[in-house]
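Asks: requesting a structural model of the entry that follows:
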Amino acid sequence: MSPFRAIGLTILTAVAVFLLATTTMNTPFWWAVLVSLPPAAAVLLTAIFVGGFDQDWTPEPDLPAASVCLHASQLTDRLGQAATDPYRFTSRVQPRLRRLALSSLRRVPDTADIADLHDPRARERLGADLHELLTASGARLPKPDEFAAMVRRLEEL
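Replies: Model prediction:
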């Protein structure tokens, strides 16, 4: 709640309590002022700190976007680690890329019955360099631009 609205609500509450105390209970002026201060202070504190009087009409964030950001940051970390440690590439990144390539190949009618990436049709569809990256046990992460081109080719299958 904005400070002006909070102050306005506080003054309105203080005046209402003051008028109630003076008219219905015939309270002296200074006693009515004293009686109206605690409710006014409570309204002011509530209005400033709680902020529950304002409606929040903004839509909730989409859940997949948060998930995508999380996966992208994890992938960035894995690729960063894999660039310096070949074991991390062969143990973390390569198996995921292999599963992605295999599922992409299985979606294509010509290669729907492929059991694994050692099939000659897989090598033909993927290309020699991408096939080598996915199947070689001692494969290393290529340069970023080469790797991006390979992943783009994999996505286009």
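
Asks: quick one: low-confidence ranges for this structure?
Replies: Residue ranges of the chain with pLDDT under 70: 1, 51-56, 60-73.

Asks: domain-wise, how is it divided?
Replies: What automatic domain parsing lists as the domains of the chain is 3-49, 83-155.

Asks: tabulate these (TSV), appending mean neighbour count and distance to P59.
Replies: Placement of C-beta: from N, CA and C, glycine included. Output for these, formatted as TSV (neighbours: other C-beta atoms under 10 Å; distance: least, C-beta to C-beta, whole Å):
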stretch	mean neighbour count	distance to P59
domain 3-49	14	24
domain 83-155	14	30
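
Asks: to T58, which of those lies closest?
Replies: Closest of the domains of the chain to T58 is domain 3-49, at 19.2 Å (criterion: C-beta to C-beta).

Asks: distance of G127 relative to F89?
Replies: As judged by C-beta to C-beta, to the nearest Å, G127 and F89 stand 19 Å apart.

Asks: and for A122?
Replies: With C-beta to C-beta as the criterion, A122 and F89 are 20 Å apart.

Asks: so what's F89 closest to, chain neighbours aside?
Replies: Leaving aside its sequence neighbours, F89 sits nearest to A82 (C-beta to C-beta, 6 or more residues apart in numbering; 3.7 Å).

Asks: close enough to count as contact, the one you found and A139?
Replies: No - using C-beta atoms under 8 Å, A82 is not in contact with A139; the gap is 10.2 Å.

Asks: which residues are in contact with both of the two?
Replies: Counting by C-beta atoms under 8 Å, 6 or more residues apart in numbering, the contacts common to A82 and A139 are F89.

Asks: show me what contacts T10?
Replies: Here T10 is in contact with A40, A41, V43, L44, A47 (C-beta under 8 Å, 6+ apart).
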